[in-house]
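[1] next input, structure requested:
(one chain, ligands or ions: 1)
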Amino acid sequence: MDGPRLSAAPLDPAAPLRGATVVVGVGGGIAAYKACELVRLLDKAGAKVWVTMTRRATKFVSPLTFQALSGRPVFTDLFSLTEEASIGHIQLADRADLVILAPASANLIARLAAGMADDAVTSVVLATKAPVLLAPSMNVNMWSHPLTQRNVQTLAALPHISIVGPGDGFLACRWVGPGRLADPADIVEAAASLRTPQDLRGRRLVVSAGPTQEALDPARYLGNRSSGKMGLALALAARRRGAQVSLVLGPTAQVPPPGVEVVNVTTALQMQAALAERVPGADAVIMAAAVADFRPRQVAPQKLKRSRLGGELTLELVSNPDLLAELGHARGDERRPLLVGFAAETEDVVRNAQEKLAKKRCDLVVGNDVSAPGIGFGADDNAVVIVGDGGVVATIAGSKLVVAHGILDQVVARLG
Ligand code: CTP
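    The predicted structure follows:
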């Protein structure tokens, strides 16, 4: 067999599943009910979802449920005249941009490893040239059985088959251990990755994100308005493009993306220590964090009492290290890792970004006008201008994920 077919649908890096034909093959296992959520999430991501089910899967969830969720007929029987008349299983296999098997039961995995095409699900898998994503789910002992492990290895060795999960935890069979179906959101994320060019595979990126908080006393701190969304979008986009990502994350309400190493920090000094550990050997560092420039000289050990302060409080602040400038100046002539900074400005964005590029010795500075309504701090959208040594190299506007991909395009071009 030659390699997996390149997807026919146009690839939008910020919405890799939009417009893609995704066939979900549901195997017979209690986790079949979670495939309902998977189909819903795929549909929400803009995919055209077709569902096929094994005969056993129909004992757990009715085909009608999947038909309602996907808005398309469900395939359960190779020999059904009505099903084959709507779109034949070979046509479905041809049309698929991606096939996801969830839950992939021990039995389904065994049949696939043996090359069988004895039902609608296995027939589609055998007939397709699209990438196939397997999400196993079964009893812990079935999963660890040498026969299952052998079958999984047989399938994983094929270039177009990849595996997500299983997760560890409490199983429906009352056992605890590996065997849980990966979270539907994580399956969708793995699918998004399969539909994204892997131009950062083999690269290690460090991304800082969020604000820092500098304590005044046990109850109060100095902070800023950064939500962390831009940095999280960068981490997500880099991970999807195949990078190994360490995310040094200040306090934020946002949920970090799956598949990245998260190092939680609170203060600028903690961020400095976390970077010192992660940066050596990295290919690129992107400083999206809004690091506090100052911190209180002293942190009061007890809560500051209004009654004891006599109506006034004067704070003495000391400078925090400029982490980006430190990284820039620590680099030798080879200028590795590649260094990307941000410049949050309210005027003269390009000129200020260029000044920061020189002062902090980075390769790229992403300038954004935080005074413009609807973009910048806390917003879902952003509009940025990227400057490099030769001046402006790109201007990008859109969702923070679109902007993240635009920034990574520049990183990829410079990593060579
Ligand atoms: N940065 C940093 N350490 C600091 C402050 C900022 O590493 N103590 C980084 C940020 O992560 C960002 C870049 O420097 O990538 C620009 O931060 P910004 O606050 O806009 O610039 P400043 O150097 O603080 O300059 P300004 O006086 O314009 O605020």
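[2] and this protein, what are its domains?
    21-194, 204-415 (automatic domain parsing).
[3] how distant is the last one from the center of its chain?
    Okay, so that is domain 204-415. 19 Å (C-alpha atoms, centre = their mean, to the nearest Å).
[4] what of the first one?
    Computed by C-alpha atoms, centre = their mean, the separation of domain 21-194 from the middle of its chain amounts to 21 Å.
[5] the residue nearest to A397 when sequence neighbours are not counted: helix or strand, and which one exactly?
    With C-beta to C-beta, 6 or more residues apart in numbering as the criterion, A397 has its nearest non-adjacent residue at 3.9 Å, and that residue is A383. In short, each C-beta sits where N, CA and C put it, glycine included. Element membership for A383, per DSSP states H and E: strand 381-388.
[6] can you list the buried residues in that strand?
    Neighbour-count burial for strand 381-388, counted by 16 or more other C-beta atoms under 10 Å, picks out N382, A383, V384, V385, I386, V387, G388.
[7] just so I know, which of the domains of the chain lies nearest the ligand?
    domain 204-415 (3.4 Å; C-beta to the nearest ligand atom).
[8] that closest one - what's its average pLDDT?
    The average pLDDT within domain 204-415 is 93.
[9] for that domain, measure first residue to last.
    11 Å (C-alpha to C-alpha, to the nearest Å).
[10] what secondary structure does the closest residue to the ligand within the stretch 1-150 of the chain sit in?
    The nearest approach of the stretch 1-150 of the chain to the ligand comes at A14, 22.2 Å away (C-beta to the nearest ligand atom). Counting by DSSP: H, G, I helix; E, B strand; the rest coil, the backbone at A14 sits in coil.
[11] that one and A237, how far apart?
    Applying C-beta to C-beta, to the nearest Å, the value for A14 to A237 is 8 Å.
[12] with A110 instead?
    37 Å.
[13] just confirm S307 is within a helix.
    Yes: the assignment for S307 (three-state DSSP) places it in a helix.
[14] count of residues packed around it?
    6 (other C-beta atoms under 10 Å).
[15] same deal with V121?
    V121, neighbours per other C-beta under 10 Å, totals 31.
[16] equivalent analysis for the one 10 residues further on, please.
    By other C-beta under 10 Å, 21 other residues sit near P131.
[17] again, but for A157
    8.
[18] next, it: phi, psi?
    Dihedral angles of A157 (phi, psi; degrees, to the nearest 10) stand at phi -70, psi -20.
[19] so G242 touches L194, yeah?
    No: between G242 and L194 there is no contact under C-beta atoms under 8 Å: 10.6 Å.
[20] and L38, what does it touch?
    V24, I100, A102, P184, I187, V188 (C-beta atoms under 8 Å, 6 or more residues apart in numbering).
[21] do the same with G242
    Counted by C-beta under 8 Å, 6+ apart, G242 has contacts S193, T196, Q198, D199, L200, R201, G202, R203.
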